[in-house]
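**Student:** Mind folding the following:
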Amino acid sequence: MRAFGEDVRAVVEATESEQVILIGHSMGGAVIAEAAHLMPKRVKGLIGVDTLGNVEYPMTAEEYEQMAAPSLSAKEG
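**Tutor:** Numbers count the residues shown, from 1 in each chain. From the prediction side, this is the model:
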C-alpha cells in the first residue's frame, strides 16, 4: 500500500494542491489511508466507498482470513 500511497502523494504534489479530500473505492480505501498518513497536513478528509477495511482499525491478516473464509469455502464447494 505504501507505493500506492506515494503515487497519490506525487499527484497531489504535482498539482500543487494544498488541501485535498481523498476518495477510495474498495482497495482504494487502504490507499487513501496510506496517502493521508504520508501527508497529514494536506489531507482534510477521507471518503471510503465499499472499502474492505476500516481505516481507524486496520485488520490483521488473521482477521481478513476469518472474514473471507465463508466466501472461499462456498466457492470451493
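**Student:** per-residue pLDDT, the closest residue to residue 27 other than its chain neighbours?
**Tutor:** Leaving out its chain neighbours, the residue that sits closest to residue 27 by Cβ to Cβ, 6 or more residues apart in numbering is residue 52, at 6.9 Å. Where C-beta positions appear, they are placed from N, C-alpha and C, glycine not excepted. Model confidence at residue 52, given as pLDDT, is 70.
**Student:** looking at this, residue 52 is in a helix?
**Tutor:** No. Read with DSSP: H, G, I helix; E, B strand; the rest coil, residue 52 is coil and lies in no helix.
**Student:** Pretty sure it sits against residue 29.
**Tutor:** Yes. With contact defined as Cβ atoms under 8 Å, residue 52 and residue 29 form a contacting pair (6.7 Å).
**Student:** If you count surrounding residues, which of the two has more?
**Tutor:** residue 29 (22 against 14; other Cβ atoms under 10 Å).
**Student:** Just the element for residue 44, please.
**Tutor:** strand 43-49 (DSSP states H and E).
**Student:** Helix or strand next in line after that strand, which one?
**Tutor:** Next along the chain from strand 43-49, counting by DSSP H and E, comes helix 61-76.
**Student:** mind checking how far that next one is from the chain centre?
**Tutor:** 20 Å (Cα atoms, centre = their mean, to the nearest Å).
**Student:** so what's the residue nearest to residue 27 up against?
**Tutor:** Neighbouring residues of residue 52 by Cβ atoms under 8 Å, 6 or more residues apart in numbering: 26, 27, 29, 30, 59, 64.
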